[in-house]
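In: no sequence for this one, just the structure:
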């Protein structure tokens with residue numbers, strides 16, 4: 001963080017006179033390399049707010065957005081293209097207010113819902129740091145002060161080193177993630193022994209922020225010891241500098257989590273829909289999608305998002321917190337538990353393990369309402385007795401590069417004499433057009449693409465007269481071919497469904513993550 005601040009202060013050294021009134025903020029696209037002389041010349045045409053390098057952007061505040069920014073060095077004139085900054089906001093459904101109450105752990109229905117107490121027997125998130133990109137944090141709250149690395153944070157909205165929370169949103173997110181347990185104060189966070197670094201991105205207590213401040217906060221988080229970058233926020237439109245910052249974070253092995261958004265009728269917001277970001281929707285106590293929670297092909301999973309107990313600035317608590325902001329914070333907390341339990345796991349391995357552990361809702365497999373399902377803490381699956389068994393091998397989460405061979409078998413045990421149909425489906429990640437496609441296959445039948453419902457029944461179930469080890473990928477004779485993976489980046493879901501004649505269904509899921517670099 002110190003090195004980042006030194007660069008930031010160096011840029012400010014070149015700023016022009018403070019008597020100039022700056023009306024608008026723009027991002028200058030550095031399509032060509034820029035030197036110190038050109039940097040100084042640009043600073044005379046506007047105030048340099050952020051230097052986003054290694055991303056190809058500078059952030060300037062200028063008095064006239066119609067003014068063309070130019071530099072002249074050694075007789076060579078350059079015109080620098082600009083784009084206006086983009087607004088974003090925190091993805092919450094209620095205006096913050098402070099109504100202190102006396103909460104109890106038993107009020108936190110979401111902890112039992114997602115299975116957190118069972119994992120606390122192993123870890124509570126020790127040694128894991130979450131970068132919280134939000135409205136700051138109250139570091140003196142009695143349930144937070146031991147778990148907030150306040151001095152490592154920064155306030156990019158007000159440009160100072162004290163990311164205090166005048167809005168309340170960030171303190172609430174911190175409480176959901178890392179509120180202490182067994183301290184006779186309020187409730188518990190999902191990962192009560194993990195730490196957060198607060199990066200404040202809004203001005204004072206406002207609910208809005210600039211996308212450039214988000215981008216520079218992402219870069220700061222990349223340079224920190226944080227394993228997880230948590231963003232309970234959305235942008236009003238696509239911002240290329242934010243996508244580049246997130247792609248840079250992905251390259252540096254950070255796990256990225258973002259809220260899907262909270263507005264009736266809208267699809268998943270940016271940046272949650274990016275394939276390497278875990279986009280989180282919200283559901284209510286009945287397991288139904290929360291009204292207004294964004295949904296669609298860009299959704300990764302859903303988490304509890306109503307009546308959540310968390311911390312407020314000062315010494316207060318709230319038991320009414322709703323929205324995809326809160327749901328994203330819960331997912332970040334679960335990832336902190338997983339990272340503590342598996343310290344050597346890579347970011348894609350943790351992400352794909354999280355998605356594979358989701359609980360299906362209604363139809364098996366991915367759906368646009370809930371993504372890969374409801375958030376659940378990963379558990380070990382143990383089969384006993386002589387009941388039919390359907391499982392993939394290997395069962396662990398795997399990460400691949402394009403062109404690598406996926407070797408995968410499907411085991412059908414204890415099925416002798418049973419009549420059943422076997423269905424296979426592959427859910428592919430989003431393509432460049434924001435579309436998600438499925439591929440279907442029925443054993444002993446013809447293939448289909450996007451024509452056969454996953455729970456479609458054949459008229460005559462196939463009689464299984466033996467147990468099977470069915471090769472799916474990896475050889476020319478495998479059911480799904482040799483297994484060369486395509487180039488789309490993201491999570492691939494492989495589903496197997498065994499449909500018995502008495503309408504009993506048995507399913508298995510295998511997920512892999514494909515990188516493109």
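Out: Okay, I see it. Everything numeric here is computed off the predicted structure, so don't read it as measured data. Residues are numbered from 1 along each chain as shown.
In: mind giving me the packing neighbours of the one helix or strand residue 513 maps to?
Out: Element membership for residue 513, per DSSP states H and E: strand 505-514. With contacts taken as 3 or more Cβ pairs under 8 Å, 6 or more residues apart in numbering; DSSP states H and E, strand 505-514 sits against helix 347-356, strand 389-393, strand 398-400, strand 490-500. Glycine gets a C-beta too; all of them are placed from N, C-alpha and C.
In: mind listing the helices for the stretch 201-350 of the chain?
Out: Assigned by DSSP state H, counting those that start in this stretch, the stretch 201-350 of the chain shows helices spanning 211-222, 240-251, 324-341, 347-356.
In: who does the strand holding residue 513 pair up with?
Out: Next to strand 505-514 in the sheet, as set by DSSP bridges, lie strand 398-400 (parallel), strand 490-500 (antiparallel).
In: show me where the stretch 101-250 of the chain has its strands.
Out: For the stretch 101-250 of the chain, the strands defined by DSSP state E, counting those that start in this stretch occupy 129-134, 154-155, 195-200, 208-210, 228-231, 233-235.
In: on that earlier part again, which one of the strands paired with strand 505-514 lies nearest to residue 330?
Out: Residue 330 lies closest to strand 490-500 among the strands paired with strand 505-514, at 19.1 Å (Cβ to Cβ).
In: from the chain's centroid, how far away is the closest one?
Out: The chain centroid and the centroid of strand 490-500 are separated by 23 Å, computed with Cα atoms, centre = their mean, to the nearest Å.
In: state the mean pLDDT of it.
Out: Strand 490-500 carries an average pLDDT of 82.
In: quick one: that strand to helix 347-356, angle?
Out: Put simply, strand 490-500 runs at 30 degrees to helix 347-356, going by axes from the mean of the first three to the mean of the last three Cα atoms, to 10 degrees.
In: got the angle between strand 490-500 and strand 389-393?
Out: 160 degrees.
In: that older thread, out of the helices of the stretch 201-350 of the chain, deepest packed?
Out: Mean neighbours per residue, mean count of other Cβ atoms under 10 Å, is largest over the helices of the stretch 201-350 of the chain for helix 324-341, with a mean of 29.
In: related to what we said a few turns ago, for residue 140, find the nearest of the strands paired with strand 505-514.
Out: Residue 140 lies closest, by Cβ to Cβ, to one member of these: strand 490-500, at 39.6 Å.
In: and the gap between residue 84 and residue 44?
Out: As judged by Cβ to Cβ, to the nearest Å, residue 84 and residue 44 stand 21 Å apart.
In: circling back: how about the strand holding residue 513: buried residues?
Out: The neighbour-count criterion (16 or more other Cβ atoms under 10 Å) identifies 506, 507, 508, 509, 510, 511, 512, 513, 514 as the buried residues of strand 505-514.
In: identify, from those residues, the entry nearest to residue 139.
Out: Residue 139 has its nearest neighbour among the buried residues of strand 505-514 in residue 513, at 35.2 Å by Cβ to Cβ.
In: gap between residue 167 and residue 211?
Out: For residue 167 relative to residue 211 (Cβ to Cβ), the value is 18 Å.
In: these two touch, right, residue 256 and residue 231?
Out: Yes. Using Cβ atoms under 8 Å, residue 256 makes contact with residue 231 at a distance of 7.4 Å.
In: the two: who's more crowded?
Out: Higher neighbour count among residue 256 and residue 231: residue 231, with 34 against 25, using other Cβ atoms under 10 Å.
In: quick one: contacts for that one?
Out: 133, 134, 214, 256, 257, 258, 259, 271, 328 (Cβ atoms under 8 Å, 6 or more residues apart in numbering).
In: that older thread, can you add mean neighbour count and distance to residue 350 and give the strands paired with strand 505-514 back as CSV?
Out: Formatted as CSV, the strands paired with strand 505-514 follow (neighbours: other Cβ atoms under 10 Å; distance: least, Cβ to Cβ, whole Å):
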stretch, mean neighbour count, distance to residue 350
strand 398-400, 17, 10
strand 490-500, 22, 12
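In: quick one: which of the ones you listed is nearest residue 418?
Out: Of all the strands paired with strand 505-514, strand 490-500 comes closest under Cβ to Cβ, at 6.4 Å.
In: show me what residue 27 bridges to in the sheet.
Out: With DSSP bridges as the rule, residue 27 is bridged to residue 59, residue 83.
In: residues in contact with it?
Out: Going by Cβ under 8 Å, 6+ apart, residue 27 touches 52, 57, 58, 59, 60, 82, 83, 84, 85, 212, 241.
In: please redo it, this time with the cut-off set to 7 Å
Out: Listed by Cβ atoms under 7 Å, 6 or more residues apart in numbering, the contact set of residue 27 reads 57, 59, 82, 83, 85, 212, 241.
In: most neighbours of all these, which one?
Out: The most crowded member of these, judged by other Cβ under 10 Å, is residue 212 (26 neighbours).
In: pretty sure that one sits against residue 84.
Out: No. With contact defined as Cβ atoms under 7 Å, residue 212 does not count as touching residue 84 (10.2 Å).
In: for the stretch 351-500 of the chain, just list every one of the strands.
Out: Remark: strands assigned in the stretch 351-500 of the chain by DSSP E, counting those that start in this stretch are 389-393, 398-400, 408-413, 418-427, 438-442, 447-448, 462-464, 468-473, 490-500.
In: great, nothing more from me.
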